[in-house]
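*Asks:* just coords:
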């Protein structure tokens, strides 16, 4: 089986970490852009910061369904 694939051949969960060669916000945005290039079937975003909001906005603009989880 290839990396990230399940026994049925479907792509499973994948982990994306920030590139250590870049710094701060730029690395996080680059990681998010890499993830959106897959493209995902959907996005679930938990409370975060402006980078998280930007990621949700980008995914929606690409037509990827996005759900933002809000806490009380």
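*Replies:* Everything's here; your move. Everything quoted here is computed from the prediction, not taken from an experiment. Residues are numbered from 1 along each chain as shown.
*Asks:* Low-confidence stretches in this protein?
*Replies:* Within the chain, the segments meeting pLDDT under 70 span 1-23.
*Asks:* residue boundaries of the strands in it?
*Replies:* In the chain, the segments counted as strands under DSSP state E are 43-45, 66-68.
*Asks:* And the helices in this protein?
*Replies:* Using DSSP state H, the helices of the chain run over 24-36, 50-61.
*Asks:* wait, which of the ones you listed is closest to residue 67?
*Replies:* helix 50-61 (8.7 Å; Cβ to Cβ). Any C-beta I mention is one placed from the backbone N, CA and C, and that applies to glycine too.
*Asks:* For that closest one, could you pull out the residues that count as buried?
*Replies:* 55-56, 58-59 (16 or more other Cβ atoms under 10 Å).
*Asks:* With distance to residue 67 as extra columns, can I get the helices of the chain in a markdown table?
*Replies:* As requested, the helices of the chain are exported to a markdown table (distance: least, Cβ to Cβ, whole Å):
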| stretch | distance to residue 67 |
| --- | --- |
| helix 24-36 | 15 |
| helix 50-61 | 9 |
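*Asks:* out of those, nearest to residue 71?
*Replies:* Using Cβ to Cβ, the helices of the chain put helix 50-61 closest to residue 71, at 12.9 Å.
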